[in-house]
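Asks: sequence first, then the predicted structure:
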Number of protein chains: 2
Amino acid sequence: MTSTDEIAELLVYLGRAARGVDTGSNLTAAQWTALRFFARANDISRTPSAFASFHATTRGTASQTIKSLLAKGYLSRCEAADDRRSVRYDLTDAGTQVMCGDPLRELSDAIDRLDAGLKSALRQALPALVGQLADSRNTVAFGTCGDCRHFSGGGATGYCACVAAELAPTDLGRLCINFAASEDRTLALHGAVTRKTA
Amino acid sequence: MTSTDEIAELLVYLGRAARGVDTGSNLTAAQWTALRFFARANDISRTPSAFASFHATTRGTASQTIKSLLAKGYLSRCEAADDRRSVRYDLTDAGTQVMCGDPLRELSDAIDRLDAGLKSALRQALPALVGQLADSRNTVAFGTCGDCRHFSGGGATGYCACVAAELAPTDLGRLCINFAASEDRTLALHGAVTRKTA
DNA sequence: AAATGTAGTTTCGTTTCGATACTATCCGTG
DNA sequence: CACGGATAGTATCGAAACGAAACTACATTT
């Protein structure tokens, strides 16, 4: 039993413990994960397929979870303009409201109580680990635009080489299905690399 | 959306992604988690209740998952000597064998490919985070004896103030239900604090 | 035009899950 | 010692999650 294995187990334990206690909102763990994803993903990523990939499940299961949120009135369906196969799900006002009671808040608060050094360490190590895992699986990773290799720019705004468009400040913290970890595993403020999306 | 929330989401994402691909062993994610727990927990912690606590579920669900592993011949039931209500489950030889194909290996390998600094950062930050989370919930945390406040001693062996016994070298890396995070959030090589177990 | 691939959905049987109820045992207090 | 309450383990129930498979519709490639 190595120290590495202990880290892996702690990650699994925390991921599981993070579901927390649902205080009244009447959503299951999978439904919370889905609602959170659609609240956090950028425009091109709020699809059933992207969520299935994010949640490491099949599109069938993802579709089922989305349907339940649709029935509760927390998501609204929106057909994509460019590809008529594709759909996009957005949070309704009720969905946004419910997100205030996200049980993940408990974990966030615990993270905030960590020493600044440890917190900053997580901020660096976890995205790098996500990248490593995606590499070994030859799959897409998930991350936020501000951490992405496709992104270039300094302060509040910037350019995404993948979508080939300027990003609004609010987009920098959003999940993107075309996320690519930075080569050097630091937090990414160098020139973007153009790579055709999978 | 703060940086803290991003960290929380990455933890959930990794915990989910860690289940990996089960190559042939025919175990579900919950069954893998259970088998892994019983492979890693020390003598006093290999009970259904301890696993339920570890897996953040009810004893009923835990009992069911254990039953399925029992049916597959990967666990054996063993009545406790001191408390006739309690039972302990041990891995059979077949169970030990199956553990070689643990899909969590993929995450471990990814961790090993991280820079040494990042890996060491995780090694410090994650146990601290587990402790913070346990604090805010007033529940028991989980961790290994070597990181525990009850533990004192230097190199290959040491003393556990909780069980009030010397620990074998192999015990230092095992999960314990009586784990208590160190006060100072460093990796714990100071005097043990005696605290009656819950 | 045909073949292949992708996006989304549905259905099926199995497993997980939380809630609840139940038995057996332990422990503390009177 | 007897009683009550807490704890350990298990079983049962209905709902949800899950993976696999099949299906439709649309896009892309050949």
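Replies: Thanks, I have the structure now. Numbering: from 1, shown residues only, chains lettered A, B, ... in the order given.
Asks: measure the spatially most central residue of chain A to A:Ser152 for me?
Replies: Nearest to the geometric centre of chain A sits A:Leu175, at 4.3 Å (Cα atoms, centre = their mean). Distance, A:Leu175 to A:Ser152, by Cβ to Cβ, to the nearest Å: 19 Å. All C-beta atoms are positioned from the backbone trio N, CA, C, and that covers glycine.
Asks: pretty sure A:Tyr74 is touching A:Thr92, no?
Replies: Yes. Shown here, A:Tyr74 and A:Thr92 form a contact pair, counting by Cβ atoms under 8 Å, at 5.9 Å.
Asks: the more surrounded of those two?
Replies: A:Tyr74 (26 against 16; other Cβ atoms under 10 Å in any protein chain shown).
Asks: what's near enough to touch the nearest residue to the more buried one once chain neighbours are set aside?
Replies: The shortest distance from A:Tyr74 to any non-neighbouring residue, by Cβ to Cβ, 6 or more residues apart in numbering or on different chains, is to A:Gly95 (3.5 Å). Contact analysis of A:Gly95 by Cβ atoms under 8 Å, 6 or more residues apart in numbering or on different chains lists A:35, A:38-39, A:69, A:73-75.
Asks: one more time with 10 Å
Replies: Contact partners of A:Gly95, counting by Cβ atoms under 10 Å, 6 or more residues apart in numbering or on different chains, are A:35, A:38-39, A:69, A:72-76, A:89.
Asks: of the residues you listed, closest to B:Leu114?
Replies: Nearest to B:Leu114 out of these is A:Ala39 (Cβ to Cβ; 29.2 Å).
Asks: ramachandran angles for the residue in chain A positioned nearest to DNA strand C?
Replies: Here chain A gets closest to DNA strand C at one residue, A:Gly60, 2.6 Å apart by Cβ to the nearest atom of the strand. Recorded main-chain torsions at A:Gly60 are phi -60, psi -50, according to degrees, to the nearest 10.
Asks: what of A:Cys78?
Replies: Backbone dihedrals for A:Cys78, given as degrees, to the nearest 10, come out at phi -150, psi 120.
Asks: just A:Arg113 next, same as before
Replies: Main-chain torsions, A:Arg113, degrees, to the nearest 10: phi -80, psi -10.
Asks: isn't it up against B:Ala134?
Replies: No. A:Arg113 sits out of contact with B:Ala134 when judged by Cβ atoms under 10 Å, with a separation of 11.9 Å.
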